[in-house]
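[1] Sharing a sequence plus its predicted fold:
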Amino acid sequence: VSNYLENENYKFDLVVFDEASQIRPEEAIGSIYRGKQVIIAGDSKQLPPTTFFAKKIESDVDEELIEEDFYDDEIDESILEQAVKKLPSITLLWHYRSKNESLIAFSNKNIYDSNLITFPCVKKSQEDFGVEFIYVEGIYQKKKKIANKIEADKVVEIIEKHIEDYGTTRSLGVIAFGERQRYTIERAILDFRRKHLSESKYEKFFSSELKEPFFVKNIENVQGDERDCIIFSLAYAKNNEGKVIHNFGWLNQIGGENRLNVAISRAKKKIYIVTSITPDELSVDGLENEGPKIFKKYL
């Protein structure tokens, strides 16, 4: 803003920040200065400002190593947290995204201390609504471009069934636990699309012209998104030697539980949890940060 809007020529009656939990105070001040009033909206239980992408762009580190070795631990205070300390504030409590209460129940209880006002469903159990746990016997490839191919293939299988059942009437997104798994899933989807080039129903589903187009993203850039259905691919699994490597990446950073909260609260109708590990395979004893503990509890 300071680079492109001259000080004297641009003044605003009202400046509004959305997703303010990701905005640093030094990035916000130029806009605030140019306004008579300011509204700062955000959720402190979601993603904070980090230097992840700045480091990624500036570094020569191989992308395939980023997920395990290159997550930063520099969590800055946002303009949202600064504003709460100094300005009048109100808390919005009504949760309206989830069409099935089970989609928000875990976050409501474990992240928001059961303060959200949610709306119960007419039916407690509906096959095409809610949370579905899908276990596969995947293998986690550490230090390789392809993270968990078996899990990625399962994601494609779910996508194919979704297209068969709903076509474009239900939107769909895929959230990967890390960048390498996002890449692995994208490659698997590309292979699937090549096999079905002659079938228009598939390419129609993947069209970017849809109101809510299909996406594959890693957690760091999914905040603010929502889709009818979400597939969450965890990627972590036993390695080739049959051992679970307890390297939780960003999840074990300060505020890791907030990243998980973002991922599991994007769905309006259904979320598929695709995992190659079970809760009993995860050891979180002795860890200081809450992220891995919340993760195990969610599984």
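    That came through fine.
[2] May I see the buried residues of stretch 146-161?
    By neighbour count on 16 or more other C-beta atoms under 10 Å, the buried set for stretch 146-161 is 147-149, 151-156, 158-159. For the C-beta atoms, the positions are set from N, CA and C on the backbone; glycine is no exception.
[3] May I see those organised as a markdown table, with pLDDT, distance to Ser44 and secondary structure added?
    What follows is these, written out as a markdown table (pLDDT from 0 to 100; distance: C-beta to C-beta, whole Å; DSSP: H, G, I helix; E, B strand; the rest coil):
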| residue | pLDDT | distance to Ser44 | secondary structure |
| --- | --- | --- | --- |
| Ala147 | 89 | 30 | coil |
| Asn148 | 92 | 32 | coil |
| Lys149 | 94 | 37 | helix |
| Glu151 | 95 | 31 | helix |
| Ala152 | 96 | 33 | helix |
| Asp153 | 97 | 37 | helix |
| Lys154 | 97 | 34 | helix |
| Val155 | 97 | 31 | helix |
| Val156 | 97 | 36 | helix |
| Ile158 | 97 | 32 | helix |
| Ile159 | 97 | 33 | helix |
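[4] Just to check, Glu281 is in contact with Val244?
    Yes. Between Glu281 and Val244 there is a contact under C-beta atoms under 8 Å: 5.2 Å.
[5] Now list whatever residues contact both of these two.
    Shared contacts of Glu281 and Val244 (C-beta atoms under 8 Å, 6 or more residues apart in numbering): Lys238.
[6] In three-state terms, how would Ile39 be classified?
    What DSSP: H, G, I helix; E, B strand; the rest coil gives for Ile39 is strand.
[7] Show me what it bridges to in the sheet.
    Applying DSSP bridges to Ile39 gives these bridge partners: Val16.
[8] Count the neighbours of it for me.
    13 (other C-beta atoms under 10 Å).
[9] quick one, what contacts it?
    14-17.
[10] Is it possible to mark the buried ones in those?
    For the contacts of Ile39, buried by 16+ other C-beta under 10 Å: 15, 17.
[11] Turn the contacts of Ile39 into a markdown table, columns for distance to Glu226.
    Below are the contacts of Ile39 laid out as a markdown table (distance: C-beta to C-beta, whole Å):
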| residue | distance to Glu226 |
| --- | --- |
| Leu14 | 26 |
| Val15 | 25 |
| Val16 | 20 |
| Phe17 | 19 |
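[12] Among the contacts of Ile39, which one sits closest to Phe215?
    Phe17 (23.9 Å; C-beta to C-beta).
[13] Which residue, other than its chain neighbours, is closest to the closest one?
    Nearest residue to Phe17 in three dimensions, chain neighbours excluded: Ile40, at 4.8 Å (C-beta to C-beta, 6 or more residues apart in numbering).
[14] thinking again about what came up before, save the buried residues of stretch 146-161 as JSON lines, and put in distance to Lys238 too.
    What follows is the buried residues of stretch 146-161, written out as JSON lines (distance: C-beta to C-beta, whole Å):
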{"residue": "Ala147", "distance to Lys238": "13"}
{"residue": "Asn148", "distance to Lys238": "10"}
{"residue": "Lys149", "distance to Lys238": "14"}
{"residue": "Glu151", "distance to Lys238": "12"}
{"residue": "Ala152", "distance to Lys238": "16"}
{"residue": "Asp153", "distance to Lys238": "17"}
{"residue": "Lys154", "distance to Lys238": "16"}
{"residue": "Val155", "distance to Lys238": "19"}
{"residue": "Val156", "distance to Lys238": "21"}
{"residue": "Ile158", "distance to Lys238": "22"}
{"residue": "Ile159", "distance to Lys238": "25"}
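[15] ok, so of the residues you listed, who is nearest Gln253?
    Ala147 (18.9 Å).
[16] distance of that closest one from Val136?
    13 Å (C-beta to C-beta, to the nearest Å).
[17] burial count for the nearest residue to Phe12 once chain neighbours are set aside?
    In this structure, Phe12 finds its nearest non-sequential neighbour in Gly35, 4.6 Å apart by C-beta to C-beta, 6+ apart. Neighbour count of Gly35, defined by other C-beta under 10 Å: 15.
[18] what do you get for Asp18?
    11.
[19] Would you check that it makes contact with Gly42?
    Yes. The pair Asp18 / Gly42 is scored as a contact, 7.2 Å apart, by C-beta under 8 Å.
[20] can you confirm Phe106 is in a helix?
    Yes. Per three-state DSSP, Phe106 lies within a helix segment.
[21] Run through the residues that contact it.
    Phe106 neighbours (C-beta under 8 Å, 6+ apart): 264, 297-298.
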